[in-house]
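> only the shape, not the letters, is given here:
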């Protein structure tokens, strides 16, 4: 049982390049989340998907787009990467009830030069 | 939104009990309080969750006063492996608890 799987684990981009971060969960969870974590900072919510077919903005959505491809997969796209997007990105999932705990992936470390 | 406030850092010696307090003055009636632990280069992982009074599991205890405006995570007899960042999270009941916010957390350092 893999839980939440993120790919890639590391990525270096040049300013202006685009890329997609992939996330998949095998726990049949309805809700999925993307967070970013800057050095020495807490996690900030970028986008979330409460259920398949829906997505909503979080605290810091600018510069990102998301796709809930199916129930298992939730991708995060940077259309034109900027140095300010250098961060560690975490995907998380949980069942859709109010107080279910989040399960996190191991993160993607992204550097934008 | 039910944001939280925690101490930025704490130090403790091995074997001591550690108490980390979180303030959440705007907690909503339906909100639960959840604590997560994060080691370097890993995603956070769930520790404990509660609504009121006291909750205990094999890892920690959570104390919540009657007004629920704060909570205290208690780690009994910490070891070096408990060195991590601890996050207090309160569900945003108004948004159906999907708009979840982490604060900056408390960096606990356990000293030999």
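Yep, it's here. Bear in mind the structure is a predicted one, so any value in this text is a computation, not a measurement.
> name the nearest residue to residue A:100, sequence neighbours excluded.
Nearest non-adjacent residue to residue A:100, counting by C-beta to C-beta, 6 or more residues apart in numbering or on different chains: residue A:94, 4.5 Å away. Every residue, glycine included, has its C-beta placed from N, CA and C.
> which residues does that neighbour contact?
Residue A:94 is in contact with A:29, A:31, A:100, A:101, A:102, A:103, counting by C-beta atoms under 8 Å, 6 or more residues apart in numbering or on different chains.
> count of residues packed around residue B:104?
Residue B:104: 16 surrounding residues under other C-beta atoms under 10 Å in any protein chain shown.
> which residue does chain A bring closest to chain B?
residue A:104 (2.9 Å; C-beta to the nearest C-beta).
> leaving out chain neighbours, which residue sits closest to that residue?
Counting by C-beta to C-beta, 6+ apart, residue B:43 is the residue found nearest to residue A:104 once chain neighbours are left out, at 2.9 Å.
> element containing that neighbour?
Under the criterion of DSSP states H and E, residue B:43 resides outside all helices and strands.
> residue A:19 touches residue A:11, doesn't it?
Yes: counting by C-beta atoms under 8 Å, residue A:19 touches residue A:11, with 6.4 Å between them.
> joint contacts of the two?
Common contacts of residue A:19 and residue A:11, defined by C-beta under 8 Å, 6+ apart, are absent altogether.
> ok, residue A:58 to residue A:44 distance?
In this view, residue A:58 and residue A:44 are 7 Å apart by C-beta to C-beta, to the nearest Å.
> ok, those two, which is more surrounded?
When residue A:58 and residue A:44 are compared for neighbours, residue A:58 comes out ahead with 20 against 16, by other C-beta under 10 Å.
> can you pull the contacts of that one?
Residues in contact with residue A:58 (C-beta under 8 Å, 6+ apart) are A:33, A:34, A:44, A:45, A:46, A:47, A:48, B:99.
> hmm, try it at 7 Å
Listed by C-beta atoms under 7 Å, 6 or more residues apart in numbering or on different chains, the contact partners of residue A:58 are A:45, A:46, A:47, A:48, B:99.
> tell me the phi and psi of residue A:85?
Here is the backbone geometry of residue A:85 (degrees, to the nearest 10): phi -90, psi 0.
> excluding residues flanking it in the chain, which one is nearest it?
Using C-beta to C-beta, 6+ apart, the closest residue to residue A:85 is residue A:112 (5.3 Å).
> separation between the residue nearest to residue A:104 and residue B:52?
Applying C-beta to C-beta, the value for residue B:43 to residue B:52 is 28 Å.
> quick one, which of the two is more surrounded?
residue B:43 (23 against 14).
> distance check, the more buried one against residue B:53.
According to C-beta to C-beta, residue B:43 stands 29 Å off from residue B:53.
> ok, now residue B:109?
30 Å.
> OK, now which residue of chain B is nearest to chain A?
In chain B, the residue that lies nearest chain A is residue B:43 (2.9 Å; C-beta to the nearest C-beta).
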